[in-house]
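1. Can you look at this prediction? I've put the sequence above it.
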Amino acid sequence: MAFLFFRLFAVLKKDFDEVPQRISDGTMVNLNTGKLDERIRLLLQKGFYFEDPKDIELAQRTVAQGMSNRNDAMDNIGELNKRQFNLTTEQAYALGGESYRKRAELARTLIGFTGDDSLRFNQEIKYPPALSSSVDIAMGKHSINGTVKDANDQPVAAVLVRLQMILPDSMYNIELTDVVKTVT
């Protein structure tokens with residue numbers, strides 16, 4: 001057991017020894033040493049995370065905006081997944097480059113707003129119509145109902161819920177792999 005511990009230590013020590021040089025090169029970032037947005041930009045450029053400069057610009061602006069509302073130190077990189085760094089699919093699609101646009105399109109695909117429904121999606125964003133809170137679809141005596149609530153358990157207005165019928169063993173039941181295009 002002790003042998004495994006020392007072997008693990010030797011491997012990790014090599015990684016730790018590289019930290020000062022990698023921070024200096026911009027291929028690693030200390031989350032708590034000011035101007036994080038600028039250092040993230042450098043990291044994204046040097047690490048080849050994004051090819052499109054618009055994606056890098058959007059990531060930098062999103063980090064800068066999130067950091068403007070923050071006074072405490074970050075524990076780890078997962079902090080960038082918190083609410084203050086949120087980026088909506090609309091922002092990603094409108095302001096981002098190729099990578100952010102693809103991610104936004106995937107998100108829309110996963111919630112069902114593709115093809116003919118993409119027109120409905122754009123309508124809902126720009127000019128949401130006034131809709132009834134319930135609809136009778138005339139499919140028998142059964143019903144489905146519910147309420148969309150916020151974090152404070154209060155009903156939320158102006159939320160469109162899309163229900164989709166999935167029929168087992170039918171052409172209507174598509175696999176997620178049929179929706180998402182894989183590029184090799």
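-> Looks like it arrived, so ask away. All of these numbers come straight from a predicted model, not from anything done at the bench.

2. Torsion angles phi and psi at residue 149?
-> phi -120, psi 150 (degrees, to the nearest 10).

3. what's the nearest residue to it if we skip its chain neighbours?
-> Distance criterion C-beta to C-beta, 6 or more residues apart in numbering; nearest residue to residue 149, sequence neighbours excluded, is residue 155 at 5.8 Å. C-beta: built from backbone N, CA, C; applies to glycine.

4. And the pLDDT at the one you found?
-> On the pLDDT scale, residue 155 is placed at 88.

5. Equivalent analysis for residue 70, please.
-> pLDDT for residue 70: 84.

6. what sits against it?
-> Residue 70 is in contact with residue 84, counting by C-beta atoms under 8 Å, 6 or more residues apart in numbering.

7. try it again with 10 Å
-> Neighbouring residues of residue 70 by C-beta atoms under 10 Å, 6 or more residues apart in numbering: 36, 79, 82, 84, 85.

8. Which one (most neighbours) among the residues you listed?
-> Neighbour counts for those (other C-beta atoms under 10 Å) peak at residue 36, which has 21 neighbours.

9. What are the phi and psi values at residue 20?
-> Main-chain dihedrals, residue 20, degrees, to the nearest 10: phi -60, psi -40.

10. Residue 7: neighbour count?
-> By other C-beta under 10 Å, neighbour count at residue 7 equals 10.

11. What is the neighbour count of residue 98?
-> Neighbour number of residue 98 under other C-beta under 10 Å is 12.

12. got the end-to-end distance for stretch 25-32?
-> Stretch 25-32 has an end-to-end distance of 17 Å (C-alpha to C-alpha, to the nearest Å).

13. now do stretch 140-154
-> Termini of stretch 140-154 sit 31 Å apart (C-alpha to C-alpha).

14. Okay, buried residues for that stretch please.
-> Using 16 or more other C-beta atoms under 10 Å as the test for burial, stretch 140-154 gives no buried residues.

15. do stretch 19-36 as well
-> Residues of stretch 19-36 classed as buried by neighbour count (16+ other C-beta under 10 Å): 26, 28, 29, 36.

16. next one: stretch 95-103
-> For stretch 95-103, by 16+ other C-beta under 10 Å, it's 95, 96, 97, 99, 100, 101, 102, 103.
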